[in-house]
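Engineer: One predicted model, sequence on top.
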Amino acid sequence: MSETVRIVEVGPRDGLQNEALIVPTERKLKLLARLAETGLTDIEATSFVSPKWVPQLADAEAVASQLPTRQGLRWIALVPNEKGYERARAVGIGAVAVFTAASEAFNRKNINAGIEESLERFRPVLERARADGVWVRGYISTVLGCPYQGEVPVGDVVRVARRLHEMGCDEISLGDTIGVGTPHKARAMLRAVAGEVPIERLAVHFHDTYGQALANVYACLEEGVRVVDSAVAGLGGCPYAQGASGNLATEDLLYMLRGLGRAPSVDLARLVETARWIAAALGREPASRVARAFRTSN
Ligand code: HMG
Ligand code: MG
């Protein structure tokens, strides 16, 4: 397996979906272009969910139809159902992400459906995606804890992951939605899932609520995972998971991967500039330590 880690940048979706401030379309497009210019290869651009549920991303069509194209760059959009898939396809999206959870209670709050029902909703999406040659990522939320249910048995994560794999997801991202996990727990969860789904198909997605995200990533790298989600400036959270903070910051992840000799070819200085710029537009500092370190050392 490749030693280089593939970073999936989720800030423009996972981050902006949770901001009180609605970022204007032009600024989102600027953010996406700047991220692409850093050399990132996988960027989640937006979400074709209900604008009533997530008004922050109600401009999904306008954003998706103006994305720059570049060889080797994959734009991904979230779709909760067939309607979302159709909207995404109508504006040329070629990679989609469906999303469910390991916890029944969370799934009901997040997409108004139980786990089984959500999987049934994905079935036509996956069938159409296969016929259309569209790449599909499947997210599982609450893999290390749920804001409503508390503990989430590892067996529940494994069961949902197996189903998404059998249904034809190209990649499955394991999400610690509320950022409560710690390294040994993260590793044990990943190991259990990798017993059923090839590890090459797995990604990890940590929110940094308790400052454990980077340590969790490290443990999962040791376990063999090579795809990691993160968000520029540590943007993010989840509107249906109270108290969940942003994702692991991409610049912090990249810095660690460089030290490990596993970094993809991404321009760290440009990434930090982008982190500062988008954070300033939201009226704050980037959440990352690397952005802070750059400020004092440059
Ligand atoms: P619902 O209300 O149960 O759906 O919502 P419905 O089928 O009864 O439809 C209700 C209305 O929504 C109808 O319109 C539909 O047409 C419309 P109305 O007749 O009332 O005018 N509708 C849609 N509109 C636009 N696009 C669509 C769509 N589908 C239905 N695709 C639904 C169900 C899934 C739509 C809703 O619950 C929803 O949009 N939820 C989004 C939740 C969300 O975006 N959560 C955040 C993303 S997940 C996440 O952040 C976790 C992750 O980062 C990993 C981790 O950290 O764990 C991925
Ligand atoms: Mg998330």
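Structural biologist: Thanks, I have it. The shown structure was predicted, so the numbers you read here are calculated from the model rather than taken from an experiment. Numbering: from 1, shown residues only. Ligands and ions are numbered 1, 2, ... in the order given.
Engineer: C-alpha from now on. contacts and neighbour counts both.
Structural biologist: OK.
Engineer: Those residues of the chain touching ligand 1, which are they?
Structural biologist: 14, 48-50, 53-54, 80-81, 83-84, 99, 110-112, 139, 141-142, 175-177, 238 (CA under 6 Å from any ligand atom).
Engineer: Can you list which of the residues you listed are found in strands?
Structural biologist: If you go by DSSP state E, the residues of the chain next to ligand 1 have 99, 139, 141, 175-176 in strands.
Engineer: Pipe those residues into JSON lines and attach pLDDT and neighbour count per row.
Structural biologist: Formatted as JSON lines, these follow (pLDDT from 0 to 100; neighbours: other CA atoms under 10 Å):
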{"residue": "99", "pLDDT": "97", "neighbour count": "23"}
{"residue": "139", "pLDDT": "98", "neighbour count": "26"}
{"residue": "141", "pLDDT": "98", "neighbour count": "24"}
{"residue": "175", "pLDDT": "98", "neighbour count": "23"}
{"residue": "176", "pLDDT": "97", "neighbour count": "27"}
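Engineer: Tell me which two of these sit farthest apart.
Structural biologist: 99 and 176 (13.1 Å; CA to CA).
Engineer: Need the overlap of contacts for these two.
Structural biologist: The contact sets of residue 99 and residue 176 overlap at residue 141 (CA atoms under 8 Å, 6 or more residues apart in numbering).
Engineer: Please identify the buried residues of stretch 99-111?
Structural biologist: Residues of stretch 99-111 classed as buried: 99-108, 110-111 (neighbour count, 16 or more other CA atoms under 10 Å).
Engineer: residue ranges of the helices in the stretch 151-298 of the chain, please?
Structural biologist: Applying DSSP state H, counting those that start in this stretch to the stretch 151-298 of the chain gives helices spanning 154-167, 183-194, 213-223, 250-260, 268-281, 289-297.
Engineer: Go ahead and confirm residue 182 touches residue 212.
Structural biologist: Yes. Residue 182 lies in contact with residue 212 (CA atoms under 8 Å); the separation is 6.0 Å.
Engineer: one step back: between the buried residues of stretch 99-111, which sits nearest ligand 1?
Structural biologist: Distances from ligand 1 to these, taken as CA to the nearest ligand atom, are shortest for residue 111 (3.5 Å).
Engineer: what pLDDT does the closest residue to the closest one other than its chain neighbours get?
Structural biologist: Excluding its sequence neighbours, the residue lying closest to residue 111 (CA to CA, 6 or more residues apart in numbering) is residue 80, at 7.5 Å. For residue 80, the pLDDT comes out at 97.
Engineer: How about the secondary structure of the closest residue to residue 185 other than its chain neighbours?
Structural biologist: Distances taken as CA to CA, 6+ apart place residue 144 nearest to residue 185, at 7.5 Å, with adjacent residues excluded. Under DSSP: H, G, I helix; E, B strand; the rest coil, residue 144 falls in the coil class.
Engineer: Test my guess that residue 144 contacts residue 155.
Structural biologist: No. Look at residue 144 against residue 155 with CA under 8 Å: they stay out of range, at 11.4 Å.
Engineer: Comparing these two, which residue is more hemmed in?
Structural biologist: Set residue 144 next to residue 155 and count neighbours by other CA atoms under 10 Å: residue 144 wins out with 26 against 13.
Engineer: and residue 127, what helix or strand is that in?
Structural biologist: Assigned by DSSP states H and E, residue 127 belongs to helix 115-132.
Engineer: residues in contact with the residue lying closest to residue 73 once chain neighbours are set aside?
Structural biologist: Among residues not flanking residue 73 along the chain, residue 41 sits closest, at 4.6 Å (CA to CA, 6+ apart). Residues near residue 41 by CA under 8 Å, 6+ apart: 6-8, 72-74.
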